[in-house]
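>>> need the 3D shape of this:
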Amino acid sequence: NMFQRMYFGYLQDDWKIRRNLTLNLGVRYEFATPPIEEDLQAANFDFRTNSFVTAKNGSLFERTLIRPDRNNWAPRIGLAWSVSPKTVVRAGYGMFYNHTNRQGREGLLGFNPPFIILADANLTGAGRLLATNAFMKLETGVPPGFVDINRVNLQTVARRAQDSGQRTTYVQQWNLSIQREVLRDAVFEVGYIGNKGTKLAAFRNLNPATFTFNAQGAPVTGPRVFAANGLLGDIQFLENLGVSNYHSLQLRFEKRFSAGWLMLSSYTWGKALTNSVDHLSTSGAGNGVDVGVFREPQNPFSRRDMYGLAEFDVQHRWVTSAVWQLPFGKGRRFGSGMSRAADWIAGGWEFSPIFTWQSGLGLTINQAQVLNLGGERRSRPNRIASGSLPEGQRNVDRWFDTNAFVALSATPGTVGFVPNQAFGNSGVGILRGPGLVNLDFNLNKSFRVTETNSLQLRAEFFNAFNHANFGVPGVTAGTGFGQIVNTATELQRVRLR
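Below you'll find the predicted structure:
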């Protein structure tokens with residue numbers, strides 16, 4: 001029963017400085033309450049007492065356990081300059097706030113005892129399981145004591161928390177473009193587009209095990225950070241330490257519809273960097289694509305080595321689409337006087353392709369954990385060489401040089417052991433996965449039945465040339481490391497309708 005109240009206001013004005021120069025100025029103020037649990041079923045970690053406190057009636061902070069951010073001012077500025085009748089320069093800057101704190105179920109303060117209890121039961125025996133064997137039935141409900149908070153070990157249970165002083169996430173965006181009419185009904189545009197994300201939501205384990213190094217330089221785990229306070233389990237912690245930035249060169253050619261055809265072709269050369277990825281879109285167990293980087297940092301005490309390519313970064317992307325009405329048949333360039341029968345065969349055809357080419361996603365190499373500091377983390381190996389292979393040497397069995405990575409070991413005298421090193425040096429997004437080339441098109445034929453009615457037959461081709469677009473390779477050292485076992489697009493499909 002969570003809700004959030006939002007209040008926004010803005011001022012905006014257009015200032016025509018000259019006949020060919022317009023300036024747009026504006027400012028917004030935005031306030032959103034932290035998410036409120038209607039029944040006050042929320043708990044958060046209090047750094048003053050090193051313990052969990054629960055929501056209660058009172059001030060907004062007492063009800064939400066998050067201090068509201070009242071400093072959300074968002075300036076906007078835009079410019080349009082007609083340099084000549086065929087050339088226009090445009091520029092803009094704006095600040096945009098994100099008031100949605102939801103990151104899946106992660107960080108939800110209601111996912112803490114005593115408001116949520118995870119319980120299970122096992123049925124044992126031989127033979128078939130019958131309805132009479134069920135320990136729980138709809139008509140009788142949950143058995144008494146099955147979700148009793150007294151059965152939960154409150155010292156070791158996993159919890160969730162948020163920074164009580166977190167600020168609102170915001171993104172600054174800016175752009176500069178030049179548009180030129182190069183042909184009749186055709187324009188070409190070149191632009192620079194960038195943005196910078198600040199105070200992005202980031203996760204880490206607030207209560208990891210501490211560690212030291214022994215005389216041989218091997219890491220040795222110690223007590224949890226808050227063990228002295230009776231907390232021996234993981235505490236998934238959401239805080240505003242994430243940053244991101246994006247810079248791109250974008251080209252666009254547009255031929256507006258005339259003479260029976262139109263075309264739009266766009267190319268982007270860009271780079272997106274962050275230290276706080278969207279964990280809902282990159283996960284080995286979820287619906288995303290596992291490119292090796294996830295929400296948890298390798299080192300729970302620092303996010304410094306998490307900065308790298310964003311999970312969605314594509315350096316090059318070119319997309320071209322078009323519509324071409326074949327110039328045959330009634331009302332078109334050729335054969336406008338053909339008979340009705342001939343028009344049913346040769347007239348009314350239309351071809352609409354969409355071609356996509358893009359480079360691969362960034363890859364982050366992982367390994368099995370060798371130092372148990374708790375949950376909410378992944379481990380990376382040491383990188384001793386580039387890891388990239390020449391194009392002629394890449395294949396589905398070895399997409400990158402697996403020998404360039406050595407799994408870190410915590411045992412002296414074994415391969416991969418480095419004295420006084422607890423975390424691997426391999427970075428985020430240091431390799432690239434396979435690119436993508438795809439052509440979809442539809443071919444349709446219109447049959448005129450009457451002056452006002454027509455019938456259309458469509459043939460739609462997906463991955464028309466049946467090009468093999470490979471998925472990302474295995475990015476975790478071990479079985480399947482560097483190997484590709486799936487495709488990013490389906491095989492050729494044809495649909496008639």
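
>>> from here on, just use CA atoms for contacts and neighbour counts.
OK.

>>> what segments of the stretch 301-450 of the chain are strands?
Under the criterion DSSP state E, counting those that start in this stretch, strands of the stretch 301-450 of the chain are mapped to 308-309, 316-325, 349-358, 362-363, 382-383, 405-406, 431-432, 436-448.

>>> can I get stretch 386-403 in CSV, CA atoms only?
These are the backbone C-alpha positions of stretch 386-403, laid out as CSV (Å, rounded to 0.1, in the frame of the first residue of the first chain):
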residue,chain,number,x,y,z
SER,A,386,44.0,-7.1,-23.8
GLY,A,387,41.6,-10.0,-24.2
SER,A,388,40.4,-8.8,-27.6
LEU,A,389,41.0,-11.1,-30.6
PRO,A,390,41.4,-10.1,-34.3
GLU,A,391,38.2,-10.4,-36.2
GLY,A,392,39.5,-13.4,-38.2
GLN,A,393,40.2,-15.3,-35.0
ARG,A,394,36.8,-14.8,-33.3
ASN,A,395,34.3,-17.6,-33.4
VAL,A,396,31.4,-18.9,-31.3
ASP,A,397,33.8,-21.2,-29.4
ARG,A,398,36.3,-18.4,-28.5
TRP,A,399,35.0,-14.9,-28.9
PHE,A,400,37.7,-13.3,-26.9
ASP,A,401,41.1,-14.4,-25.5
THR,A,402,40.2,-16.3,-22.4
ASN,A,403,43.9,-16.6,-21.5
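
>>> show me what counts as buried in that stretch.
Within stretch 386-403, the residues scored as buried using 16 or more other Cα atoms under 10 Å are 387, 388, 396, 398, 399, 400, 401, 402.

>>> ok, longest helix in this structure?
Across the chain, the helix with the greatest residue count (assigned by DSSP state H) is helix 340-346.

>>> surely residue 180 and residue 90 touch.
No: between residue 180 and residue 90 no contact is recorded; they are 11.5 Å apart, counting by Cα atoms under 8 Å.

>>> how close does residue 460 get to residue 345?
19 Å (Cα to Cα, to the nearest Å).

>>> scratch that, residue 312 is what I was asking about
When distance is defined by Cα to Cα, residue 312 is 46 Å away from residue 345.

>>> neighbour count winner among the two?
A side-by-side neighbour count of residue 312 and residue 345, using other Cα atoms under 10 Å, places residue 312 first with 18 against 14.

>>> can you get me a residue count around the closest residue to residue 385 other than its chain neighbours?
Setting aside the residues directly before and after it, residue 385 is nearest to residue 404 in space (Cα to Cα, 6 or more residues apart in numbering), at 4.7 Å. Other residues near residue 404 come to 15 when the count uses other Cα under 10 Å.

>>> dump the residue contacts of residue 404.
With contacts taken as Cα atoms under 8 Å, 6 or more residues apart in numbering, residue 404 has the following neighbours: 383, 384, 385, 386, 387.

>>> and the last one, what pLDDT?
So that's residue 387. In this prediction, residue 387 carries a pLDDT score of 96.

>>> residue contacts, the residue lying closest to it once chain neighbours are set aside?
If the residues on either side of it in the chain are set aside, residue 387 comes closest to residue 401, at 4.6 Å by Cα to Cα, 6+ apart. With Cα under 8 Å, 6+ apart as the criterion, the residues that contact residue 401 are 387, 388, 389, 482.

>>> nearest to residue 52 among those?
Nearest to residue 52 among those: residue 482, at 43.6 Å, using Cα to Cα.

>>> quick one: low-confidence ranges for this structure?
By pLDDT under 70, the low-scoring segments of the chain are 101-105, 125-126, 281-288.

>>> summarise which helices and strands the longest strand anywhere in it is packed against.
Ranked by residue count and defined by DSSP state E, the top strand of the chain is strand 235-258. Based on contacts counted as 3 or more Cα pairs under 8 Å, 6 or more residues apart in numbering; DSSP states H and E, the elements that strand 235-258 packs against are strand 159-162, strand 186-205, strand 261-274.

>>> name the helices or strands packed onto the last one?
The criterion is 3+ Cα pairs under 8 Å, 6+ apart, and the helices and strands that strand 261-274 contacts are strand 235-258, strand 308-309, strand 316-325.

>>> ok so, going back, can you list the contacts of residue 404 in TSV and add distance to residue 130?
Conversion of the contacts of residue 404 to TSV gives the following (distance: Cα to Cα, whole Å):
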residue	distance to residue 130
383	55
384	58
385	59
386	59
387	55
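
>>> buried deepest among the helices and strands packed on strand 235-258, which one?
Ranked by mean neighbour count under mean count of other Cα atoms under 10 Å, the helices and strands packed on strand 235-258 are led by strand 159-162, which reaches a mean of 26.

>>> packing partners of that strand?
The helices and strands touching strand 159-162, judged by 3+ Cα pairs under 8 Å, 6+ apart, are strand 43-46, strand 235-258.

>>> got a list of contacts for that strand?
Residues from elsewhere that reach strand 159-162, judged by Cα under 8 Å, 6+ apart: 43-45, 66, 106-109, 111-113, 233-239.

>>> what segments of the chain are helices?
Along the chain, counting by DSSP H, helices occupy 60-64, 340-346.

>>> export those helices as a markdown table, with columns for distance to residue 434.
Putting the helices of the chain into a markdown table (distance: least, Cα to Cα, whole Å) gives the following:
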| stretch | distance to residue 434 |
| --- | --- |
| helix 60-64 | 45 |
| helix 340-346 | 41 |
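
>>> closest one to residue 248 among those?
Proximity of the helices of the chain to residue 248 was assessed by Cα to Cα; the nearest stretch is helix 60-64, lying at 39.4 Å.

>>> list the buried ones in the closest one?
Buried residues in helix 60-64, defined by neighbour count with 16+ other Cα under 10 Å: 60, 61, 63, 64.

>>> quick one: contacts for the first one?
By Cα under 8 Å, 6+ apart, the contact list for residue 60 reads 33, 67, 68.

>>> done for today, thanks.
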